[in-house]
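**Q** When you get a sec, could you give me coordinates for this:
(4 chains)
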2 protein chains.
Amino acid sequence: MNDVATTAGVALKTVSRVVNDEPGVNAATAERVRQAIDLLGYRRNDGARVLRRGRTASIGLIIEDVADPFYSGLSRAVEDVALRNDCLVFTGSSGEDPQRERKLVLAFCARRVDGLVIVPAGSDHGYLAPELSAGIHAVFADRPAGAGLDVDTVLCDNAGGARSGVAHLIAHGHRRIAFLGDSAAIFTAAERFRGYRQALEAAGLPYDESLVAMGTPEQARVQADLGRLIALDDPPTALFTGNGRTTVTTLRALEALRATTGPLDDHGATVRPLGAPGPRSLYPAGLDLAIVGFDDFELADMLTPAITVIAQDAAGLGRTSAELLFRRLSGDDPPAQRVQLPTHLIPRGSGELPPRSCP
Amino acid sequence: MNDVATTAGVALKTVSRVVNDEPGVNAATAERVRQAIDLLGYRRNDGARVLRRGRTASIGLIIEDVADPFYSGLSRAVEDVALRNDCLVFTGSSGEDPQRERKLVLAFCARRVDGLVIVPAGSDHGYLAPELSAGIHAVFADRPAGAGLDVDTVLCDNAGGARSGVAHLIAHGHRRIAFLGDSAAIFTAAERFRGYRQALEAAGLPYDESLVAMGTPEQARVQADLGRLIALDDPPTALFTGNGRTTVTTLRALEALRATTGPLDDHGATVRPLGAPGPRSLYPAGLDLAIVGFDDFELADMLTPAITVIAQDAAGLGRTSAELLFRRLSGDDPPAQRVQLPTHLIPRGSGELPPRSCP
DNA sequence: GTGAAAGCGCTAACAG
DNA sequence: CTGTTAGCGCTTTCAC
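**A** I've put the predicted structure just below:
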């Protein structure tokens, strides 16, 4: 900047004025400055600018994993809102590891981001308190903050969504509905499980613990649980899966289980799709289970049968969180609020299959 | 920092030493400083630190769209490498818009990121030249930089992958193979088209322009092209799709076309999956086309038939690009190189279907 | 309209 | 082992 000033034969401050389009500079002078800038290839250093002005015009986004379509949809929405506010975004994947989350958040804070959108991995966010009182705003998305933190939160209607999905299966005649979900330690999984129980209760159906399988969405675990469910004396006729990953894993597990039972009959067995109409005599090893999954996913409509889902709005989650954040950054300071986004059921076939007639 | 120093009764520099774990501080003094830090809730301002030290320990990543699984996989890999190098990453989606790309890149540069990983949208990157000569390193991923820019580049073997996919179809007896791809203006699309032609030539098959349909992967456009292909006097027996999005869109278009033809026969028509064995008499409206798609996608193996693909390694692209970048950041300065990553064919069924016997 | 001086929060270089 | 000084590149404040 100094060099530019010298070259243009003006003072430093004049260059600053030109660079920032501040009023009160003679057009001719400004032109001379601009020429010097081009000549020297000068670029303003925003880091230094930030140091002086206080605001960094950047926010931090912490999610579980950018590579997960749910979070990448959320990311994109946050990014769009940020860009609209002339704000850059640092992105970090926590990988569901509270330590990594903490490290990222603190690194972002050290860079003095103006605000944070956090999909929390851990449940203890005490480390954030000093940052918040230092003036960094945070919005929690998808999952609430641990106890003691008073921040804006944007959630999906997890319980309500699960409730309507399970009610849908009940409406289609199912009485024995299994719940396959993520680990109960995860907020969304617990909420969806709560919705499952509410739906059973509302329909006057008994809750049977043996129909519940919660844990990591690994193929091996899901398959083992599914094997156990299918082998029950009174097996389920329908499955409710608690998130996108679990739904897909369950579908794979079902296919794997079918593969071990050999051809079902001569009715196109080699390509017989998941749950396609066909003989049901081989149940419990057969695959005529109805399925409703929480969370929509690409190609759900192209499977056979197409998968009925409770769709949640990842982009809406991101957009709403970011908008809440920017409202605060622009000075608005209402008490912390909790927003809940609706979900909706998309019937596609798998959730409308009737219960198997008999074993 | 000043306050901490005063509180601890030491000089500013000692606080700096403690904060940065520099050696040569009395344990007791350090402890006093740490107490003052806790008491005051002091956090080092990395922005100021950066201003002084020169390196920002941050990089910028520009991709087309984080919400696209290909790019989100790439993102995650870049992020992981960055974290391993104690480096933060600014992410920006260009949305295939050269203006937005430019804006993002320049914003990142103004923040003085140490380097950039760019999946370019435009083909003119002249605006980057001054930044590069100002010492910001850039690596181009997935697509090369426009002319005149001498930068590291990491690409997939687009032509080779397409060649092997088309050769695979030829090996399975196909002679009339259509190419459905992205707009020819996009580097990867052009390369894959080149591979398609090479494969035809290697097999001594004629190139027929009427079998080629390149453009945006919109449902309407793909469906129209597909309708045209199917209505040809000598229609294709196989399709090669040029990228993941096009593959999925093609599958949807095929399904839509099938829906308009009504039930094919009494053989489970209501759930008859894409290309399942069955009567072929209804071709050209039937769907017994073999398909090989460039780019793997989730659930490709769960469709019926499962989709044969040429898999490219999005994460590998991201990892390699980031590693190349960090090698340069650590002082290494070889001439700009171009790395090409291999692709591999995953046979799953759709690519092994034989040509229809006759119309 | 323009400019000079102070200082944002930190670290490098050199004393003591 | 600890402290002092200068200055990173910019904006703010106030004077001309």
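**Q** From now on I want contacts and neighbour counts done on CA atoms only, so please keep to that.
**A** OK.
**Q** burial count for whichever residue of the stretch 151-300 of chain A sits closest to DNA strand C?
**A** Proximity of the stretch 151-300 of chain A to DNA strand C (CA to the nearest atom of the strand) peaks at A:Val151, 24.6 Å away. Per other CA atoms under 10 Å in any protein chain shown, the neighbour tally for A:Val151 reads 17.
**Q** Might one say that it is in contact with A:Asp333?
**A** No: taking contacts as CA atoms under 8 Å, A:Val151 lies outside contact range of A:Asp333: 11.3 Å.
**Q** Run through the residues that contact A:Phe108.
**A** A:Phe108 sits next to A:Gly60, A:Phe90 when contact means CA atoms under 8 Å, 6 or more residues apart in numbering or on different chains.
**Q** if we go to 7 Å?
**A** A:Gly60 (CA atoms under 7 Å, 6 or more residues apart in numbering or on different chains).
**Q** Now it: which helix or strand?
**A** Assigned by DSSP states H and E, A:Phe108 falls within helix A:98-110.
**Q** Give the partner strands of the following helix or strand past that helix in its sheet and their orientations.
**A** Where DSSP H and E defines the elements, the next helix or strand beyond helix A:98-110 is strand A:115-118. Applying DSSP bridges to the sheet, strand A:115-118 is found paired with strand A:58-63 (parallel), strand A:137-141 (parallel).
**Q** The longest one versus helix A:98-110: what angle between them?
**A** For strand A:58-63 and helix A:98-110, the angle between their directions (axes from the mean of the first three to the mean of the last three CA atoms, to 10 degrees) works out to 170 degrees.
**Q** Return the set of buried residues in strand A:58-63.
**A** Neighbour-count burial for strand A:58-63, counted by 16 or more other CA atoms under 10 Å in any protein chain shown, picks out A:Ser58, A:Ile59, A:Gly60, A:Leu61, A:Ile62, A:Ile63.
**Q** ok, now how distant is the residue nearest to A:Leu353 when sequence neighbours are not counted from B:Ala231?
**A** Excluding its sequence neighbours, the residue lying closest to A:Leu353 (CA to CA, 6 or more residues apart in numbering or on different chains) is A:Ala290, at 5.2 Å. Going from A:Ala290 to B:Ala231 by CA to CA, to the nearest Å gives 39 Å.
**Q** So the two - more neighbours on which side?
**A** Taking neighbours as other CA under 10 Å, A:Ala290 and B:Ala231 compare with A:Ala290 leading, 26 against 14.
**Q** Show me what from the stretch 101-250 of chain A comes close to chain B.
**A** A:Ala110, A:Arg111, A:Arg112, A:Pro130 (CA under 7 Å from any CA of the partner chain).
**Q** In contact with A:His168: list those residues for me.
**A** Contacts of A:His168 by CA under 7 Å, 6+ apart: none found.
**Q** quick one: it is in a helix?
**A** Yes: assessed with DSSP: H, G, I helix; E, B strand; the rest coil, A:His168 lies in a helix.
**Q** Need the pLDDT of it.
**A** The score at A:His168 is 98. That number is its pLDDT.
**Q** what about it, distance to chain B?
**A** Look at A:His168 and chain B: by CA to the nearest CA, to the nearest Å, they are 22 Å apart.
**Q** How about A:His125?
**A** 16 Å.
**Q** Ignoring the adjacent residues along the chain, who's closest to that residue?
**A** Using CA to CA, 6+ apart and skipping residues adjacent in sequence, the residue nearest A:His125 is A:Gly146, 5.7 Å away.
**Q** hang on, A:Met214 packs against A:Ala185?
**A** No: at 9.6 Å, A:Met214 and A:Ala185 do not qualify as touching, with contact defined as CA atoms under 7 Å.
**Q** if we can go back for a sec, the strands paired with strand A:115-118: which one's closest to DNA strand D?
**A** strand A:58-63 (15.8 Å).
**Q** how far out from the middle of the chain is the closest one?
**A** Here strand A:58-63 is found 14 Å from its chain centre; the criterion is CA atoms, centre = their mean, to the nearest Å.
**Q** avg pLDDT for it?
**A** For strand A:58-63, mean pLDDT rounds to 96.
**Q** avg pLDDT for the helix or strand following it?
**A** As assigned by DSSP H and E, the chain's next helix or strand after strand A:58-63 is helix A:69-84. Across helix A:69-84, pLDDT averages out at 95.
**Q** what's the answer for stretch A:252-267, then?
**A** Across stretch A:252-267, the average pLDDT comes to 66.
**Q** Likewise for stretch A:36-51?
**A** Across stretch A:36-51, the average pLDDT comes to 89.
**Q** Send me it as PDB with only the CA atoms.
**A** Provided in PDB are the C-alpha atoms of stretch A:36-51 (Å, rounded to 0.1, in the frame of the first residue of the first chain):
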ATOM      1  CA  ALA A  36      -0.400   2.400  -9.600                       C
ATOM      2  CA  ILE A  37      -2.400  -0.500  -8.200                       C
ATOM      3  CA  ASP A  38      -2.500  -2.200 -11.500                       C
ATOM      4  CA  LEU A  39       1.100  -1.500 -12.200                       C
ATOM      5  CA  LEU A  40       2.200  -3.000  -8.900                       C
ATOM      6  CA  GLY A  41      -0.300  -5.800  -8.800                       C
ATOM      7  CA  TYR A  42      -1.400  -4.600  -5.400                       C
ATOM      8  CA  ARG A  43      -4.100  -6.500  -3.500                       C
ATOM      9  CA  ARG A  44      -5.600  -5.400  -0.300                       C
ATOM     10  CA  ASN A  45      -4.700  -7.800   2.600                       C
ATOM     11  CA  ASP A  46      -8.000  -8.600   4.200                       C
ATOM     12  CA  GLY A  47      -6.300 -10.100   7.100                       C
ATOM     13  CA  ALA A  48      -4.800  -6.800   8.200                       C
ATOM     14  CA  ARG A  49      -8.100  -5.100   7.400                       C
ATOM     15  CA  VAL A  50      -9.900  -7.500   9.700                       C
ATOM     16  CA  LEU A  51      -7.400  -6.900  12.500                       C
END
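**Q** what sits up against it?
**A** Residues outside stretch A:36-51 that contact it (CA under 7 Å, 6+ apart) are A:Val4, A:Thr7, A:Ala8, A:Thr56, B:Gly47, B:Ala48, B:Leu51, B:Ala110, B:Arg111, B:Arg112, B:Pro130.
**Q** Okay, and the first one sits in which element?
**A** Put plainly, it is A:Val4. Counting by DSSP H and E, A:Val4 is part of helix A:2-8.
**Q** list the helices and strands that helix packs on?
**A** Using 3 or more CA pairs under 7 Å, 6 or more residues apart in numbering or on different chains; DSSP states H and E as the contact criterion, the elements in contact with helix A:2-8 are helix A:12-19, helix A:27-40.
**Q** Find the one among these with the highest mean neighbour count.
**A** Neighbour counts (mean count of other CA atoms under 10 Å in any protein chain shown) averaged over each of the helices and strands packed on helix A:2-8 peak at helix A:12-19, with a mean of 18.
**Q** ok, and what's touching that helix?
**A** Residues from elsewhere that reach helix A:12-19, judged by CA under 7 Å, 6+ apart: A:Met1, A:Asn2, A:Ala5, A:Ala30, A:Val33.
**Q** Packing partners of whatever helix or strand A:Leu239 lives in?
**A** Taking DSSP H and E as the criterion, A:Leu239 maps to strand A:238-241. Contact partners of strand A:238-241 among helices and strands, from 3+ CA pairs under 7 Å, 6+ apart: strand A:177-181, strand A:290-294.
**Q** Include mean pLDDT when you put the ones you listed into JSON lines, please.
**A** Shown next, in JSON lines, are the helices and strands packed on strand A:238-241 (pLDDT from 0 to 100):
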{"stretch": "strand A:177-181", "mean pLDDT": "97"}
{"stretch": "strand A:290-294", "mean pLDDT": "96"}
